[in-house]
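compute the structure for the input listed below.
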Amino acid sequence: MSCYELLLEDQIWQARHEQVLKVLAGVAAHQPVPLLRRQIVYRPDREPEEALSHLKRGGSQAVDLKTVTKTAQQKQQQQARARDLYCTRLHQELDKDDLDPARRRHHHNGNHNNTLSADDGTRWSWVFEEVPIAGGRDGLTVRKASSTDFVAGDPHAYLIDNGYKFVTEYYVSGHRFMHGNIELTLYRILHEPDVRLSQTAPKIVLPSLDDLKLVDPSGAYLVEAKLRVEDINIEPLARQCCQEMNEFREMMKGCVNFEAPDRLELDYRLKPADTQRVAR
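Residues are numbered from 1 along each chain as shown. Okay, here's the model as predicted:
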């Protein structure tokens, strides 16, 4: 599925979590739906250099004047492609029982191939999100996104075969709601700090919930409002979607501030890491 996403985002302190959760439940008119998702990040592999090119050193060694122009053009094309490389993610939908130690051991004993698999009913999807469109629309962040569900096979092997390389993985934990056409998410990001930097592939055995730590030590939550539209270039449809998002933003004023600051008004000066040291 390919679409455009209209986004509103904000951050709230941990102390306000229960308050905002109840407000969102009242606005959506239903109970919070638990969210626990594993997200595995991949990046495209760059094209390899020409074989034995590291042996060609010195003034005119192995230089073919007929191919100098062609080689320069190929280098420019490779550099252009390198600038267009985007990361992508695998999403695995989980529940808290999946991170229970007893269930993890049972799952590992049943997985004799030591591979990720969508054959056992695990919900996997391949998600790609482009860089937001410059300027957005009506104060909203706009980006193009696509998602493909896996119904069988090894999702990790599929991405490797398509030229992607594993980078890292983390977990999203929180709650979500639906308000009309708007998907609301209140969440935090967790990771496994002791093994994350040494990983070269996704873990087959999931960690326990106690092993996961917050990426933001303050415990703050992220609030996201998302509305998907098939084609933002259809003007009547785009206006209707933007109006729905802006009406929701107005309704949430005083509870969640979805106002995006103008990037040109942000303070660009570097802040010292230790203000007390500067004061002395």
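
centre-most residue in this structure?
The chain has Arg89 as the residue nearest its centroid, 6.4 Å off, counting by Cα atoms, centre = their mean.

look at that residue and report its pLDDT.
Predicted confidence (pLDDT) for Arg89: 96.

what does Val205 give?
88.

what of the one 5 residues further on?
Asp210 carries a pLDDT value of 89.

do the same with the one 10 residues further on
Predicted confidence (pLDDT) for Ala220: 95.

the strands in the stretch 51-200 of the chain, which residues?
With DSSP state E, counting those that start in this stretch applied, the stretch 51-200 of the chain shows strands at 88-93, 124-129, 141-150, 164-179, 182-191, listed in chain order.

specify the beta-bridge partners of Glu5.
Assessed by DSSP bridges, Glu5 has beta-bridge partners Arg143, Arg228.

tally up the residues packed near Gly219, please.
For Gly219, the neighbour count with other Cβ atoms under 10 Å is 11. (Glycine included, C-beta is placed from N, CA and C.)

likewise for Trp124?
23.

pretty sure it contacts Ile40?
No: taking contacts as Cβ atoms under 8 Å, Trp124 lies outside contact range of Ile40: 9.6 Å.

overlap in contacts of these two?
Common neighbours of Trp124 and Ile40 are listed as 90, 92 (criterion: Cβ atoms under 8 Å, 6 or more residues apart in numbering).

now the strands of the stretch 51-200 of the chain as JSON lines including distance to Val27?
Putting these into JSON lines (distance: least, Cβ to Cβ, whole Å) gives the following:
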{"stretch": "strand 88-93", "distance to Val27": "24"}
{"stretch": "strand 124-129", "distance to Val27": "25"}
{"stretch": "strand 141-150", "distance to Val27": "20"}
{"stretch": "strand 164-179", "distance to Val27": "6"}
{"stretch": "strand 182-191", "distance to Val27": "8"}
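
can you tell me the closest non-neighbouring residue to His91?
Ser125 (4.7 Å; Cβ to Cβ, 6 or more residues apart in numbering).

check contacts around that neighbour.
90-91, 147-150.

so how far is Glu9 from the nearest residue to Lys213 once chain neighbours are set aside?
Distance criterion Cβ to Cβ, 6+ apart; nearest residue to Lys213, sequence neighbours excluded, is Pro193 at 5.3 Å. From Pro193 across to Glu9, the span is 25 Å (Cβ to Cβ, to the nearest Å).

ditto for Ala25
When Ala25 is compared with Glu9 (using Cβ to Cβ), they lie 19 Å apart.

quick one, which of the strands of the stretch 51-200 of the chain gets closest to Leu237.
Closest to Leu237 of the strands of the stretch 51-200 of the chain is strand 141-150 (Cβ to Cβ; 13.2 Å).

just checking, what packs against the closest one?
strand 2-12, strand 124-129 (3 or more Cβ pairs under 8 Å, 6 or more residues apart in numbering; DSSP states H and E).

buried set for it?
141-143, 145, 150 (16 or more other Cβ atoms under 10 Å).

now Phe248: phi and psi?
phi -70, psi -40 (degrees, to the nearest 10).

nearest spatial neighbour of it, chain-adjacent residues omitted?
Nearest non-adjacent residue to Phe248, counting by Cβ to Cβ, 6+ apart: Ile182, 5.8 Å away.

for that neighbour, what are its contacts?
Applying Cβ under 8 Å, 6+ apart to Ile182 gives the contacts 225-227, 244-245, 248.

quick one: low-confidence ranges for the protein?
Along the chain, segments meeting pLDDT under 70 span 46-84, 102-114, 135, 195-197, 260-280.

now the helices for it?
Taking DSSP state H, the helices of the chain run over residues 17-28, 68-83, 101-110, 155-161, 235-251, 275-279.

just to revisit the earlier point, can you tell me which of the buried residues of strand 141-150 is nearest Ser2?
With Cβ to Cβ as the yardstick, the closest approach to Ser2 among the buried residues of strand 141-150 comes from Ala145, at 7.5 Å.

Asp194 versus that closest one, what's the distance?
In this structure, Ala145 and Asp194 are 32 Å apart, going by Cβ to Cβ.

beta-bridge partners for the spatially closest residue to Gly174 that is not a sequence neighbour, please?
In space, and not counting its chain neighbours, Gly174 is closest to Tyr187: 2.9 Å by Cβ to Cβ, 6+ apart. Under DSSP bridges, the beta-bridge partners of Tyr187 are Gly174, Leu222.
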